[in-house]
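Novice: pasting the sequence and the predicted coordinates here, then a few questions.
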Amino acid sequence: MNATDPSNYQVPAHFSGHETFPLRQMWLKKAIDQAIEGNVVLKSTFTEDKAIAAFGVGKNMVASIRHWALACGVMCDDGDAFKVKDLAMEILQDGGLDPYAESASSAWLAHWQLAGRCIRSTTWHWLFNHVTAPTFTRQELEEPLARYARALDPKHRLSTSTISRDLETCLRSYAPRAAGGSPEDFAEPLLGELGLLQEVHKGQYAFRRGPKASLHDGVFAFALVDYWDRVAAGISTLAFESIAYGEGSPGRVFKLDEESIAQRLIGLAEFTGGKLAWTDSAGLRQMHRKVLSKEDRKELIRRAYG
């Protein structure tokens, strides 16, 4: 496998866990608020009898909160317990950068984890990286997604209803229902504010491509470096085409047009103090990077909340 070829990007198949609830604004905060010493969240926190009272939501929503915290990279499975990531704690803890997840940067980071990194969110990754139709319905997506799932894991047997529910939850995460359903349907999902997807007619959806005013350069730069590490680790240059069109790339995941991507890339030299720099020579458009430490990457995110 050629690690520099974005078309070789592989993700594990995962189509459940959210209990059909889109991610809500305060749910990631609710998860990290359960952390004890060492930023550890006991697994029993989500299953014991007092969980409903601790989280202030129903049993199925508690399970959904656990799923979203894992899928969005807020915490990871550490064997006997869940471990809250340092950056997630820095953002969402009381007194943190964005304790109430009010900043668009928090929503963009969650979207990047779901559609770009794809920890437990195969449908999210597939939708934003593989669907190219100008408009589509949930029903039109079901069979192509099922084929994709079978290609990822031929032994995995998924029912049509599982695929359908996952797609419905994904679409409602970005384009909430306008009317009808339960009161929960009226609660604005965290990702709905990003304007990435719109319901153009009843049951028919379209991506909103183009510049994203609420996407901070810090989040864009962080996503670029994250993508770079996966597809071209150890290589100091990355082609514009890969950044714009590669699977799991910022261009695809954030639904940016070429001009918007180029403008952002040109501006990153000043934004990063030259650690990321754009060149356009003899028609060869590419980014160059110097070594970025773990702290450098965190600083990109911190600046997105400035």
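Specialist: Done, it's in. Predicted model only: the values in this text are computed from it and were never measured.

Novice: which residues does stretch 293-306 contact?
Specialist: With contact meaning C-beta atoms under 8 Å, 6 or more residues apart in numbering, stretch 293-306 is reached by 86-87, 90-91, 97-98, 103, 105, 109, 216-219, 221-222, 225-226, 271-272, 275. Using the backbone N, CA and C atoms, a C-beta is placed for each residue, glycine as well.

Novice: quick one: low-confidence ranges for the chain?
Specialist: 1-12, 177-187 (pLDDT under 70).

Novice: show me the domain layout of it.
Specialist: Using automatic domain parsing, the domain parsing of the chain gives 6-200, 217-303.

Novice: quote the end-to-end distance of the last one.
Specialist: For domain 217-303, the first and last residues are 9 Å from each other (C-alpha to C-alpha, to the nearest Å).

Novice: neighbouring strands for the host helix or strand of Tyr205, and are they parallel or not?
Specialist: Assigned by DSSP states H and E, Tyr205 belongs to strand 204-207. Using DSSP bridges, strand 204-207 pairs in its sheet with strand 136-137 (antiparallel), strand 197-201 (antiparallel).

Novice: out of the domains of the chain, nearest to Pro211?
Specialist: Evaluated with C-beta to C-beta, these place domain 217-303 nearest to Pro211, the distance being 4.2 Å.

Novice: so how far is the closest one from its chain's centroid?
Specialist: In terms of C-alpha atoms, centre = their mean, to the nearest Å, the centre of domain 217-303 is set 17 Å apart from its chain centre.

Novice: what's the answer for stretch 209-228, then?
Specialist: Centroid separation between stretch 209-228 and its chain, computed with C-alpha atoms, centre = their mean, is 12 Å.

Novice: try stretch 32-48
Specialist: In terms of C-alpha atoms, centre = their mean, the centre of stretch 32-48 is set 23 Å apart from its chain centre.

Novice: where do the helices sit along this protein?
Specialist: 27-32, 51-55, 59-71, 86-92, 104-111, 122-130, 138-152, 160-174, 217-231, 240-245, 250-253, 258-271, 294-303 (DSSP state H).

Novice: report the angle between the third one and helix 122-130.
Specialist: This means helix 59-71. Taking axes from the mean of the first three to the mean of the last three C-alpha atoms, to 10 degrees, one finds that helix 59-71 is oriented at 50 degrees with respect to helix 122-130.

Novice: residues contacting the closest residue to Thr162 other than its chain neighbours?
Specialist: Residue nearest to Thr162 in three dimensions, not counting chain neighbours: Phe15, with 5.5 Å by C-beta to C-beta, 6 or more residues apart in numbering. By C-beta under 8 Å, 6+ apart, the residues touching Phe15 are 122-123, 149, 158, 162-163, 166.

Novice: buried subset of those?
Specialist: Among the contacts of Phe15, the ones that count as buried by 16 or more other C-beta atoms under 10 Å are 122-123, 149, 158, 163, 166.

Novice: got a markdown table for those, with distance to Phe82 too?
Specialist: Output for the buried ones among the contacts of Phe15, formatted as a markdown table (distance: C-beta to C-beta, whole Å):
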| residue | distance to Phe82 |
| --- | --- |
| Thr122 | 21 |
| Thr123 | 23 |
| Ala149 | 26 |
| Leu158 | 26 |
| Ile163 | 27 |
| Asp166 | 22 |
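
Novice: dump the contacts of Phe15 to CSV, plus distance to Glu295.
Specialist: CSV is the format used below for those (distance: C-beta to C-beta, whole Å):
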residue, distance to Glu295
Thr122, 32
Thr123, 34
Ala149, 38
Leu158, 41
Thr162, 41
Ile163, 41
Asp166, 37
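
Novice: nearest to Gly246, of those residues?
Specialist: Nearest to Gly246 out of the contacts of Phe15 is Thr122 (C-beta to C-beta; 18.0 Å).

Novice: state the distance from the closest one to Leu42.
Specialist: 28 Å (C-beta to C-beta, to the nearest Å).

Novice: residues contacting the residue lying closest to Val57 once chain neighbours are set aside?
Specialist: Closest residue to Val57 apart from its sequence neighbours, by C-beta to C-beta, 6+ apart: Ile65 at 7.2 Å. Contacts for Ile65 (C-beta under 8 Å, 6+ apart) come out as 27-28, 30-31, 46, 55, 57.

Novice: out of those, who's nearest Glu241?
Specialist: Leu28 (33.6 Å).
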